[in-house]
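[1] okay, predicted coordinates and the sequence, questions at the end:
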Amino acid sequence: MTVVLDAHGLTMLAKSRVRLEELRRRGEWPAVLPAVVLTECLTGDHRRDYHENRVLRTCDVKPVDEPLARSAALLRSQVVARRAPSAVDAIVVALADFVGGATVLSSDPADLRALARHTVHRVDVAPA
């Protein structure tokens, strides 16, 4: 199963070598994430971003192209809620759908699960 990370998922894995090793042992690594996630979890200071960059070196960071952005926009528009999920969350779930289904690791699952209900492929959301 492919693992897709959101910003919370990346940050949590950067803090937990045990969880990262568990994913590797189960053959669920490397993870995939859209490049826009870096905007949410990095500061631009390599000293403060050390742990996240250590994990990112082993990930597959994907660009956000027009088809992915359009898919994310459609997902966002299909969620009926008090407030629309964030664009970045929609891109994360759209990427999980684009890779044929995946598990998204996050510490903030509510919006991601709402988006995942509208995907073509199965997208699960699990704690990071």
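    Thanks, I have it.
[2] for the host helix or strand of Leu74, enumerate the helices and strands it packs against.
    Under the criterion of DSSP states H and E, Leu74 resides in helix 66-78. If contacts are counted by 3 or more Cβ pairs under 8 Å, 6 or more residues apart in numbering; DSSP states H and E, helix 66-78 sits against helix 87-98. Using the backbone N, CA and C atoms, a C-beta is placed for each residue, glycine as well.
[3] from the chain's centroid, how far away is the helix it packs on?
    Centre-to-centre, helix 87-98 and its host chain are 7 Å apart (Cα atoms, centre = their mean, to the nearest Å).
[4] same for the very next helix or strand once past that helix, what does it pack against?
    Sequence order places strand 102-106 as the next helix or strand after helix 87-98, per DSSP H and E. Secondary-structure packing of strand 102-106 (3+ Cβ pairs under 8 Å, 6+ apart): strand 3-5, helix 7-15, helix 87-98, helix 109-116, strand 123-127.
[5] what comes into contact with strand 102-106?
    1-6, 8-9, 12-13, 28, 31-32, 92-93, 95-96, 112, 116, 121, 123-128 (Cβ atoms under 8 Å, 6 or more residues apart in numbering).
[6] stretch 63-79 too?
    The contact list for stretch 63-79 (Cβ under 8 Å, 6+ apart) reads 34-36, 62, 84-85, 87, 90-91, 93-95, 97-98, 111, 114-115, 117-119.
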